[in-house]
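1. Sequence first, predicted coordinates after that:
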Amino acid sequence: MKITDIEVIQLRVPPLEADCEWGEDAVIVRVHTDEGIVGLGEADSSPAVVAACIDAPQSNFYSQGLKRLLIGENPLEIERLWQKMYKDSNYMGRRGAGIHALSAIDIALWDIAAQFYAVPLHILLGGRYRERIAAYGTFIPDQDPARSGEIARQLVADGYRSLKFGGGVFGVEADRDVAIVKAVREAVGQDIQLQIDLAGRWRTRAHTLEMAQRLTPYNLNWIEEPVLSDDLEGYARLASQLSCKVAGGESLTTQWEFRQFLEQAQVDIVQPDITRCGGITEMKRIYNLAQLYSTELVPHGFSTGVLLAASVHFLAACEFGTLMEYSRSNSPLFTDLVTNPIRFEEGYLQVPQGPGLGVVLDEAVIERYRLS
Ligand SMILES: [Mg+2]
């Protein structure tokens with residue numbers, strides 16, 4: 001079997017010149033083969049930048065678009081192809097967007113392999129530890145605390161036992177942050193696990209400590225990314241001083257960054273995104289590292305059903321893969337892009353049993369939102 005083409009599909013809901021919220025754009029890759037098997041992958045990144053990393057012509061032997069490196073290769077040789085992509089793009093790749101692009105292709109190669117061997121992807125990854133995975137629902141809060149409480153109450157009615165919110169106005173004004181957390185906690189009661197995501201917006205350790213103090217009455221399970229993940233010492237101090245857990249790492253790529261983060265930031269939970277960190281191949285290495293450091297791994301995931309399927313298969317094959325983020329975005333790219341999404345039932349995501357990643361794209365949705 002040989003790779004014949006790598007197709008990059010950029011999708012976007014708002015017009016190009018308008019603001020775009022998380023989940024409202026996406027980049028999907030389709031890796032085509034001469035045997036008719038097509039693999040699907042995704043990168044949660046800037047679609048235009050990922051497309052450039054894949055389609056770029058050769059500049060020199062360390063600056064090459066990923067597509068030209070893989071045409072004619074056997075897609076089943078995943079580890080060798082991962083190393084080839086990593087090494088031969090390392091001037092413009094190595095971290096960040098170059099690894100996001102590599103992640104999308106790596107996921108598609110695993111999809112091809114699992115279809116070729118006619119097994120669900122998690123079987124190829126090592127076996128099925130569980131049939132379903134607990135999901136925590138992530139939503140973007142409303143600027144009105146009462147409205148945020150209503151969103152959370154509805155999610156509990158839908159079956160969630162664990163919720164997280166962040167984005168929108170959250171993290172910008174201290175008093176409003178406290179009011180939103182208070183309203184959500186009061187709306188869902190004490191039995192629901194609650195975590196908050198600052199996406200770096202609290203900026204400093206001192207502000208984070210002050211906010212954590214003010215939020216103590218609302219019993220948070222974890223505080224995510226209060227400061228940027230570059231501040232390793234800041235994370236280490238917060239992890240030792242906060243009474244709730246500290247989580248982070250969704251922006252990190254490769255085992256090298258995660259090794260440093262695990263060693264120095266000393267967080268309670270690492271959150272690699274399978275569509276950014278280096279794909280399924282690298283996620284396996286990061287999971288193994290997290291085990292060495294006795295640290296929980298809960299994948300980040302807030303994009304389409306392709307990301308979700310890859311993450312769920314991955315977790316099903318991990319001994320401690322028990323919790324997954326589940327987007328509650330109402331972007332059509334989350335709700336409609338995949339015709340057979342992973343099923344959510346009573347707080348759990350069902351592990352798919354069909355061959356490969358098991359995901360089918362809705363061509364009409366692609367047509368409607370496709371940029372190129
Ligand atoms: Mg986050």
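-> Happy to help now that I have it. Numbers count the residues shown, from 1 in each chain.

2. which residues of the stretch 151-300 of the chain fall in strands?
-> Counting by DSSP state E, counting those that start in this stretch, the stretch 151-300 of the chain has strands at residues 162-166, 193-197, 222-224, 245-248, 269-270, 296-297.

3. And those strands: which comes nearest the ion?
-> Distance to the ion, taken as C-beta to the ion, is lowest for strand 193-197 among the strands of the stretch 151-300 of the chain, at 4.1 Å. (Each C-beta comes from the backbone N, C-alpha and C, glycine too.)

4. Which helix or strand contains residue 42?
-> Element membership of residue 42 [criterion: DSSP states H and E] is strand 38-43.

5. mind listing what that strand pairs with, with the direction of each?
-> Within its sheet, strand 38-43 is paired with strand 25-33 (antiparallel), according to DSSP bridges.

6. I'd like the average pLDDT over the partner strand.
-> On average, the pLDDT along strand 25-33 is 98.

7. on that earlier part again, need the strands of the stretch 151-300 of the chain in JSON lines (columns: mean pLDDT).
-> Shown next, in JSON lines, are the strands of the stretch 151-300 of the chain (pLDDT from 0 to 100):
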{"stretch": "strand 162-166", "mean pLDDT": "97"}
{"stretch": "strand 193-197", "mean pLDDT": "98"}
{"stretch": "strand 222-224", "mean pLDDT": "98"}
{"stretch": "strand 245-248", "mean pLDDT": "98"}
{"stretch": "strand 269-270", "mean pLDDT": "98"}
{"stretch": "strand 296-297", "mean pLDDT": "98"}
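
8. Could you pull up the mean pLDDT of the strand holding residue 42?
-> 98.

9. Stretch 74-94 now?
-> Mean predicted confidence for stretch 74-94 is 98.

10. and residue 34, what is it in contact with?
-> 1, 2, 4 (C-beta atoms under 8 Å, 6 or more residues apart in numbering).

11. and the last one, what element?
-> Using DSSP H and E, residue 4 sits within strand 3-12.

12. Which SSE is immediately downstream of the strand holding residue 42?
-> helix 47-55.

13. Which secondary structure elements does whichever helix or strand comes after that following helix sit against?
-> For helix 47-55, the following helix or strand on the C-terminal side (DSSP H and E) is helix 66-70. In terms of contacts (3 or more C-beta pairs under 8 Å, 6 or more residues apart in numbering; DSSP states H and E), helix 66-70 is packed against strand 3-12, helix 47-55, helix 78-88, helix 97-116.

14. Could you figure out how far the third one is turned away from helix 47-55?
-> Following axes from the mean of the first three to the mean of the last three C-alpha atoms, to 10 degrees, one obtains 100 degrees for the angle between helix 78-88 and helix 47-55.

15. All good on my end, thank you.
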